[in-house]
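Enquirer: Here's a sequence, model it:
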Amino acid sequence: MTLPNDDAPSPRDACVQSLLDYAVNRARADTVTFARLIGAKLASGDLADLGLPRDTLGALGARHFPEAVYIGALPLEAFPEHPAATLHQPFVDDLRKLLLRHERPPIANAIDAWCLATIIATACLRPDHLWRDLGLDGRDDVSGILTRHYPKLVARNVDGLRWKRFLAQQVALDKGRTPGPAPGCPGCEDFDFCFRKT
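Expert: Below is the predicted model of the structure:
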């Protein structure tokens, strides 16, 4: 009988570490961020949840983890050529545009900026807290990513709203609409907390 090893990394952490082992610059904040976001989806077998076309994910991987792409640690051939269009694609497009408009200059790489905005926007379609949908450890992880890339947008969250709700609110206000939940919010366990009727 084999006993579980409490010191063994989780599948997610093992995937993140594997990507970082192949990183061009493993100390770079964006490389670590992408390793965490991609590694979480590699571990769960849900790379399509990133919302990225195969060629774009390949370019992102080649930029940050070229050896991982070459040896197959990042299995692009199993990835859909284009993400499936959803009923909520306009929301994803609008949120991506909003995030890109607020990207703190200078943008290190246009592909990185587009990929990060797409991954965040696509995660807002799923029915959980944004940090869980991104495969991160908590709200502070999301706060760190958003603050590093979109500080002026983050500064608008004066009410301390949860990030998915706040981002959906900003998209609505940007479009001149009444704020409401992100597409994934109704499936979240805390929907009634965030959107309780007063």
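
Enquirer: any idea how far T147 is from T31?
Expert: 18 Å (CB to CB, to the nearest Å). C-betas here are computed from N, CA, C, even on glycine.

Enquirer: more crowded one of the two?
Expert: With neighbours defined as other CB atoms under 10 Å, T147 and T31 compare such that T31 has more, 19 against 13.

Enquirer: Locate the more buried one within the secondary structure: which element?
Expert: helix 29-44 (DSSP states H and E).

Enquirer: what's that helix packed up against?
Expert: Applying 3 or more CB pairs under 8 Å, 6 or more residues apart in numbering; DSSP states H and E, one finds that helix 29-44 contacts helix 11-21, helix 54-64, helix 110-123, helix 139-149.

Enquirer: Which among those helices is found nearest to G39?
Expert: helix 11-21 (3.4 Å; CB to CB).

Enquirer: Tell me the first helix or strand C-terminal of the helix or strand of the chain at the bottom of the mean pLDDT ranking.
Expert: Scoring the helices and strands of the chain by mean pLDDT, DSSP states H and E places helix 66-71 at the bottom, with a mean of 74. Helices and strands here follow DSSP H and E; after helix 66-71, the next one along the chain is helix 89-101.

Enquirer: What are the buried residues along that next one?
Expert: Buried residues in helix 89-101, defined by neighbour count with 16 or more other CB atoms under 10 Å: Q89, F91, V92, D94, L95, R96, L98, L99, L100.

Enquirer: Go through these and name the one nearest P75.
Expert: Taking those together and measuring to P75 by CB to CB, the closest member is V92, at 23.8 Å.

Enquirer: what separates N157 from T56, distance-wise?
Expert: 28 Å.

Enquirer: what about the chain, any weak spots by pLDDT?
Expert: Along the chain, segments meeting pLDDT under 70 span 1-6, 69-74, 78-80, 84-85, 106-107, 197-198.

Enquirer: ok, 90 please
Expert: For the chain, the stretches with pLDDT under 90 are 1-9, 45-48, 54-55, 58, 66-87, 104-110, 185-186, 188-198.
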